[in-house]
Structures are given as structure tokens and as C-alpha cells.
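1. dropping a prediction and its sequence here:
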There are 2 protein chains.
Amino acid sequence: MRLTTKGRYAVTAMLDLALHAKQGPVSLADISARQEISLSYLEQLFAKLRRNELVQSVRGPGGGYRLGAEAAQIVVAQIIDAVNESIDATSCGGEGNCQDGQICLTHHLWCDLSKQIHQFLSGISLADLVARQDVVAVAKRQDDLQALDLIEASAV
Amino acid sequence: MRLTTKGRYAVTAMLDLALHAKQGPVSLADISARQEISLSYLEQLFAKLRRNELVQSVRGPGGGYRLGAEAAQIVVAQIIDAVNESIDATSCGGEGNCQDGQICLTHHLWCDLSKQIHQFLSGISLADLVARQDVVAVAKRQDDLQALDLIEASAV
DNA sequence: TATAAGACCTAGTAATACAGTAGGATATTG
DNA sequence: CAATATCCTACTGTATTACTAGGTCTTATA
């Protein structure tokens, strides 16, 4: 099991998408600026998200990405899965052949843990996150900062 | 956050220790044979477990390791922590300075997840595992197989 | 008292994945 | 045509994992 910057980036980017959905397609450049994630790395993550139909792309100027489904239908567990960060805590992938074709001493423990985490992350949709007070506050901070940066950039 | 073979090995070895506690100190060679874990790797893991006082060592022939506390007092979360596999899912270590000194968009989500996992793994002691039916069954299988291997080895 | 069983310690290594960079091709708007 | 943006592939430094190899120190026992 692994949960690193990769999975966190993917969820963060998807949440950013959900937050700015009403303004039409969101470009990766915008997400990159707001969330401080390398643009090229984002591109690689979004390739996987697109293959998993979690986002739709719009090419050309003014283009970007849209959510592939309603925010309420997209759940954190799916996003992490999509970028290949397995939530599974077992070594056997849940198959139960961890020791010579049979289960190892701690097989059920890791199965239970996997189930626990999966249930938790499956219970949280993008819509849930968008509705959270702390998320709204951070999003506002980021939007304000980006607006400020744009003004400064145009002044130069 | 990471949960790999390393943490699983540590928990498995500790559980093996708890299961064979009544027969006096348990040698790493025995654990290595039963759980199919490289002896030298086990030594490295047990160095950390000893530093965290989760086990006590007995040197010399007939020596090995004993639990550092009652099985009911040792909890899975401690073991994983001891071998440096952080259960924390945040990038900031829970400090909340993930984006320019302030929290990032998904900070609370990862905090909640970390808490969730920690609670789960803190609620399971070695005594709990020893009492589980599936654990007892696997332990018996491993003990029988090891006994058989010893007979075969002496026959050669 | 010599031997062997075991803990204890350090260094090194192949494989893997992460996080990021670089450079370009393709599509679309104006 | 030019600019914007997605799309695609290849490469790279770094860190960690899981493991091997060698050795030292301690102690029960024959």
C-alpha cells in the first residue's frame, strides 16, 4: 500500500477542478499555479485520470478539463486507484496465496485494514469536499493569491 | 504514507513471537523459517523493535527474543511505527504548513484518513490477533510444517 | 575451556518507484 | 497563421526496499 504525493496531487487537482467547474474547462496551467504542482507532472496524472474517465478534456485555446461525472459521483478512492496507488494493504492482492499458496499469518489483518481504508475513502465524494468549510477557505485564499499574481505579472 | 513488506514483516514476526512466547525466548532463525523472512533482514527489523522496547533480547545459545510488554499492551500501530513506516497520510506530517506555510486544499482529508488508520491499527493488540481463529489455524500449519522439515533435515 | 548458538552491527547492492524535466506532436480558437 | 492547450514519449536524480555478506560480541553447555 502506498499513499504519496502522487495520489495526493491527483485528489487535490480533481478537487480544484470541481471547485472551478462552473467557469468552464479548467486548464492544467491554472491548477499548476494554484496547487503548486509541476505542469508536466500534472499532465501525466491527468492522462491516467482521463483513461479512467474521471475527467474529460477540451483541446485548443480556452480548453482544459472537465469532470467526467457529477462531483457527487466521483469518490476519493477512485481517484487514488486511477493513478495506480493501490489502497490494498495485502502482499497477495487479496488473493490469499501469500505463503506457499496459502494465507500468511497476518493475511486477514491486512484485508481488514484495506477494507477499512477503502470504505473511508469511498465515502468521500468531491461534492462532499467542495461543501467543506475548510476547503472553501483554502480555495478562496488560493484564488485571491492567483488573481494578485496575475496583476503583478501584467504590471511587469 | 507507506505500508509495505517491511511493516508487514515486523507485525508478522511480532505475532510469531507472541504465539510462541510460552516456550521461552524465540530465535530469529525460527521466525525466519516459519514466516519465510530473510534472517538478516529480520535482524535489522528487530534492531528497531528493540530500540523501541517492543522486544527484549536474550543472548547466547538458547537465546532469542521476548516481547517487551504484555501481548495485550502491544498494538499493531506501534510496531509499524517502530520500523519507520509512517502511518501519516499528510505531506506536512500533520503540521499544516503544506502550502507556503499554510494548509493545502486537501490537508484535512489526509488528516482524517491518518486518524482513521491510526485508530484502527491502535485498536488491535497482539493478544487480539493471538485469539483469532484464522491466526491460530495458520500458526498450527506453520508449526507442523516446521516440525516436518526438522525431521527431514535430521534424516539427511 | 573450547565450541557453537545466537544476538548484534555495518556496508553494500539490485530493483523499483517517485517526482520532475525536456521536447515535441496534435488539435482548436480567433 | 499564431497562440493556446492537450497529448505523448523518453529520460533522470533521488530515495527506499528487500536483501546479502561479512564480521563481532555474549553466553550456555559439552
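-> Arrived safely, thanks for sending.
2. elements contacting the lowest-mean-pLDDT helix or strand in chain A?
-> Across the helices and strands of chain A, the lowest-confidence element by mean pLDDT, DSSP states H and E is helix A:133-155, at a mean of 90. Counting contacts by 3 or more C-beta pairs under 8 Å, 6 or more residues apart in numbering or on different chains; DSSP states H and E, helix A:133-155 packs against helix A:5-19, helix A:28-35, helix B:107-122. (Glycine included, C-beta is placed from N, CA and C.)
3. show me what the following helix or strand past the shortest one packs onto, helices and strands only.
-> Same thing as helix A:28-35. Downstream of helix A:28-35, the first helix or strand assigned by DSSP states H and E is helix A:39-51. Packing partners of helix A:39-51 (3+ C-beta pairs under 8 Å, 6+ apart): helix A:5-19, helix A:28-35, strand A:55-58, helix A:76-82.
4. report the contact partners of the most far-flung residue of chain A relative to its centre.
-> The outermost residue of chain A relative to its centre, with distances by C-alpha atoms, centre = their mean, is A:Asp100 at 36.5 Å. Listed by C-beta atoms under 8 Å, 6 or more residues apart in numbering or on different chains, the contact set of A:Asp100 reads B:Glu36.
5. ok, it to A:Gly68 distance?
-> Separation of A:Asp100 from A:Gly68 (C-beta to C-beta, to the nearest Å): 42 Å.
6. that older thread, among the helices and strands packed on helix A:133-155, which is nearest DNA strand D?
-> DNA strand D lies closest, by C-beta to the nearest atom of the strand, to one member of the helices and strands packed on helix A:133-155: helix A:28-35, at 3.7 Å.
7. ok, that closest one near DNA strand C or not?
-> No - contact of helix A:28-35 with DNA strand C (C-beta under 7 Å from any atom of the strand) is absent, the minimum separation being 9.4 Å.
8. roughly how far is that helix from the heart of the chain?
-> Distance, stretch centre to chain centre, for helix A:28-35: 14 Å (C-alpha atoms, centre = their mean, to the nearest Å).
9. okay, and for chain A, where does confidence drop off?
-> A:154-156 (pLDDT under 70).
10. how about the residues of it near DNA strand D?
-> Chain A comes close to DNA strand D at residues A:27-29, A:40, A:43-44, A:46-47, A:50, A:57-65, as judged by C-beta under 7 Å from any atom of the strand.
11. which strand residues bridge the residue in chain A positioned nearest to DNA strand D?
-> Chain A approaches DNA strand D most closely through A:Ser57 (3.1 Å), counting by C-beta to the nearest atom of the strand. Applying DSSP bridges to A:Ser57 gives these bridge partners: A:Tyr65.
12. please tell me how far it sits from B:Asn52.
-> With C-beta to C-beta as the criterion, A:Ser57 and B:Asn52 are 49 Å apart.
13. repeat that for A:Glu85.
-> A:Glu85 sits at a distance of 28 Å from B:Asn52 (criterion: C-beta to C-beta).
14. for the two, indicate the residue with more neighbours.
-> A:Glu85 (18 against 14; other C-beta atoms under 10 Å in any protein chain shown).
15. helix/strand/coil for that one?
-> At A:Glu85 the chain is in coil, as set by DSSP: H, G, I helix; E, B strand; the rest coil.
16. let me see the contact set for the nearest residue to A:Ser38 once chain neighbours are set aside.
-> Using C-beta to C-beta, 6 or more residues apart in numbering or on different chains and skipping the chain neighbours, the partner closest in space to A:Ser38 is A:Ser32 (6.9 Å). Counting by C-beta under 8 Å, 6+ apart, A:Ser32 makes contact with A:Ser38, A:Leu39, A:Leu42.
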